[in-house]
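**Student:** Need the 3D shape of this:
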Amino acid sequence: MYRIKSQIDVKSESFQANKKAYQQLLETFRERTASVIERGKEKSVIKHKKRGKLLARERIDLLVDQNTPFLELSTLGAYDKYENQFPSAGIITGIGVIQGKESIIIANDATVKGGTYIKETIRKHVRAQEIAMENHLPCVYMVDSGGAFLPDQSHVFPDRFDFGRFFYNQARMSAAGIPQIAIVMGSCTAGGAYVPAMSDETIIVKEQGTIFIGGPPLVKAATGEEVTAEELGGADVHTSISGVADHFAEDDRHALSICRHIFETIEKKEKQKLDSVPVEEPFYDPKELYGIAPVDLKKAVDAREIIARIVDGSRFQEFKARYAPTIITGFAHIMGFPVGIIANNGVLFSETALKGAHFIELCTSRKIPIIFLQNITGFIVGKEYERKGIARDGAKLVHAVANANVPKFTVVIGGSFGAGNYAMAGRAYDPRLLFMWPNAKISVMGGEQASDVLIQVKKDQLALSGKEMPQKDIDQLKKSILDKYEHEGSAYYSTARMWDDGIIDPVDTRKVLAMGIAMSLSKKWEETKYGIFRM
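**Tutor:** Numbering: from 1, shown residues only. Sure, this is the predicted structure:
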């Protein structure tokens, strides 16, 4: 493979200005991330620690293998919602290595409203289970939850992907042979009692963990019986009388040790094979991404410059380099893993779509994972392009993306607008993981375009009745639309609603992608079959 020759002058005024602007974005990102992680002074956290309990992230640190990374997902879930009373949506999820096995970990945070579930908590829990199912990863549930957040009951209980989906997924995962271990480290009430009951093995902590369908207040209201939580469903009851739990733990640390011992007995299945090579750091410093990443989305960025600072040795075997230059395609390695890369270099034309579809066929036939680097305004519009069949050719790319059964990973490095989001493996196209950079924007179209369209529609409506739209009204409408799109299109708005799997520092991109690829090897990849391509 050839090393990309960078055309960037890192000492130039434009590079330094972009770097300064990006570092301000990073500072905001780091502050917001710290606000949901570093909560040691909060009353609920202090109370939790006084009970001798570990915090959710401390529990995870002790569970995973030493000196291995934990890829936390959707850290800023529910950010800027509910007056920020649900940091990280009250649950920690992510991918870690336990006894050498990539695993999904789902840990309730009892310091956030008693670990209760709002709709975003449910989305994080279900999303983690989906990742476990798609990649055939063992799953650990660290249960410390009061169940559904009752004031939000209409958003958490009845629908297809609400609270009941947890147990449906557990049943399907069990049938698929995916190991599931529950560690009951606190309350496990009502429907939540099925989490340990449906797991392969369950650990419960002495005088701390409880499992019951109805807690003491409900039992008293329903039957008049007065009983303590420990008598009703404590560790002693469930390990010596009911048999609901299998292992009795003295404290959190003991419980985590038992879980690690259980993982020693979990079968290590044959993985998907990839022709990996020794890891090589990029030739160009990844920190240079701060001076290159698009802060102003109106300014073009050569995707090769991004690729050069993500891939091993900055080496890239470009495919169709001279054809359809508004999309960059080619092969590289990331942390030793072979990958195909599709990156936007402008708007999508018919030939762009055909080039992308062709490249996806190569990747699926060679069993190579695909990385999508999104910075896309969408497909070209206009009479000329419609007559040339942009919809037909765009459909070929969408077909290829939707049906590609090699792992797909998407990083939104700039804008993600309109149908371009779909063609570049947006959330609707089930990439194994999807991350955003702090500068990323996502919406049905850019704010400027949206304001122009809506203003024109308003003008046309008024014209039908012989009226004109005053400039004052035009300016006011334009500002309101731009403000709305700026707010709703931000990476933080997206990640708060779990439209992605988290915001990441650009420098961490190659590591995050490598962890995703390593995770995807746990299950043999299915053969790719395509449908009808409109020729």
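
**Student:** and the strand or helix carrying residue 513, what's its mean pLDDT?
**Tutor:** For residue 513, the host element (DSSP states H and E) is helix 509-520. Regarding helix 509-520, the rounded mean pLDDT is 98.

**Student:** low-confidence ranges in the stretch 151-300 of the chain?
**Tutor:** Of all residues in the stretch 151-300 of the chain, none has pLDDT under 70.

**Student:** Strands of that one, start to end?
**Tutor:** In the stretch 151-300 of the chain, the strands defined using DSSP state E, counting those that start in this stretch lie at 180-188, 201-205, 247-249.

**Student:** Reformat these as a markdown table; add distance to residue 511 and mean neighbour count.
**Tutor:** Backbone N, C-alpha and C define where each C-beta goes, glycine included. What follows is the strands of the stretch 151-300 of the chain, written out as a markdown table (distance: least, C-beta to C-beta, whole Å; neighbours: other C-beta atoms under 10 Å):
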| stretch | distance to residue 511 | mean neighbour count |
| --- | --- | --- |
| strand 180-188 | 27 | 28 |
| strand 201-205 | 31 | 26 |
| strand 247-249 | 33 | 21 |
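
**Student:** For residue 269, which of those is the nearest?
**Tutor:** strand 180-188 (15.3 Å; C-beta to C-beta).

**Student:** Partner strands of that closest one, with direction?
**Tutor:** Using DSSP bridges, the strands paired with strand 180-188 are strand 139-145 (parallel), strand 201-205 (parallel).

**Student:** With distance to residue 369 added, can I get these in JSON lines?
**Tutor:** Shown next, in JSON lines, are the strands paired with strand 180-188 (distance: least, C-beta to C-beta, whole Å):
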{"stretch": "strand 139-145", "distance to residue 369": "22"}
{"stretch": "strand 201-205", "distance to residue 369": "32"}
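
**Student:** Among the ones you listed, which comes closest to residue 195?
**Tutor:** With C-beta to C-beta, the closest approach to residue 195 among those belongs to strand 139-145: 5.3 Å.

**Student:** helix or strand right after the biggest helix by length in the chain?
**Tutor:** Ranked by number of residues, the top helix in the chain under DSSP state H is helix 13-37. Once helix 13-37 ends, the next helix or strand along the chain (criterion: DSSP H and E) is helix 43-50.

**Student:** Show me the one of the strands paired with strand 180-188 that comes nearest residue 513.
**Tutor:** Among the strands paired with strand 180-188, if distance is taken as C-beta to C-beta, the winner is strand 139-145, at 22.1 Å.

**Student:** quick one: that closest one to chain centroid distance?
**Tutor:** Remark: strand 139-145 is offset 19 Å from the chain centroid, using C-alpha atoms, centre = their mean, to the nearest Å.

**Student:** Let me know the outermost residue of the chain.
**Tutor:** Distance from the C-alpha centroid of the chain, by C-alpha atoms, centre = their mean, peaks at residue 466 (50.3 Å).

**Student:** Quick check, pLDDT for it.
**Tutor:** On pLDDT, residue 466 comes in at 92.

**Student:** And it, how far from residue 423?
**Tutor:** From residue 466 over to residue 423 the distance is 42 Å, taken as C-beta to C-beta, to the nearest Å.

**Student:** if we can go back for a sec, what are the phi and psi values for the residue farthest from the centre of the chain?
**Tutor:** phi 80, psi 20 (degrees, to the nearest 10).

**Student:** ok so, going back, ok, and for the longest helix of the chain, which residues are buried?
**Tutor:** Burial within helix 13-37, assessed by neighbour count using 16 or more other C-beta atoms under 10 Å, is assigned to 15, 18, 19, 21, 22, 25, 26, 29, 32, 33, 36.

**Student:** quick one on the thing from earlier: packing partners for the helix holding residue 513?
**Tutor:** strand 71-73, strand 91-98, helix 119-135, strand 327-334, strand 337-344, strand 408-417, strand 433-436 (3 or more C-beta pairs under 8 Å, 6 or more residues apart in numbering; DSSP states H and E).

**Student:** Kindly reformat those as a markdown table containing mean pLDDT.
**Tutor:** Formatted as a markdown table, those follow (pLDDT from 0 to 100):
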| stretch | mean pLDDT |
| --- | --- |
| strand 71-73 | 98 |
| strand 91-98 | 98 |
| helix 119-135 | 98 |
| strand 327-334 | 98 |
| strand 337-344 | 98 |
| strand 408-417 | 97 |
| strand 433-436 | 98 |
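
**Student:** Would you format the ones you listed as a markdown table with distance to residue 55 and mean neighbour count included?
**Tutor:** Converted to a markdown table, the helices and strands packed on helix 509-520 look like this (distance: least, C-beta to C-beta, whole Å; neighbours: other C-beta under 10 Å):
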| stretch | distance to residue 55 | mean neighbour count |
| --- | --- | --- |
| strand 71-73 | 13 | 22 |
| strand 91-98 | 9 | 25 |
| helix 119-135 | 17 | 22 |
| strand 327-334 | 32 | 24 |
| strand 337-344 | 33 | 24 |
| strand 408-417 | 30 | 26 |
| strand 433-436 | 25 | 25 |
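
**Student:** could the ones you listed go into TSV alongside distance to residue 393?
**Tutor:** Listed next are the helices and strands packed on helix 509-520 as TSV, based on distance: least, C-beta to C-beta, whole Å:
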stretch	distance to residue 393
strand 71-73	35
strand 91-98	37
helix 119-135	29
strand 327-334	12
strand 337-344	16
strand 408-417	19
strand 433-436	25
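
**Student:** Show the contacting residues for residue 291.
**Tutor:** Taking C-beta atoms under 8 Å, 6 or more residues apart in numbering as the contact definition, residue 291 lies against 8, 10, 15, 16, 18, 19, 22.

**Student:** nearest to residue 1, of these?
**Tutor:** Distances from residue 1 to the contacts of residue 291, taken by C-beta to C-beta, are shortest for residue 8, at 19.9 Å.

**Student:** Quick check: the gap between that closest one and residue 413.
**Tutor:** Taking C-beta to C-beta, one finds residue 8 at 15 Å from residue 413.
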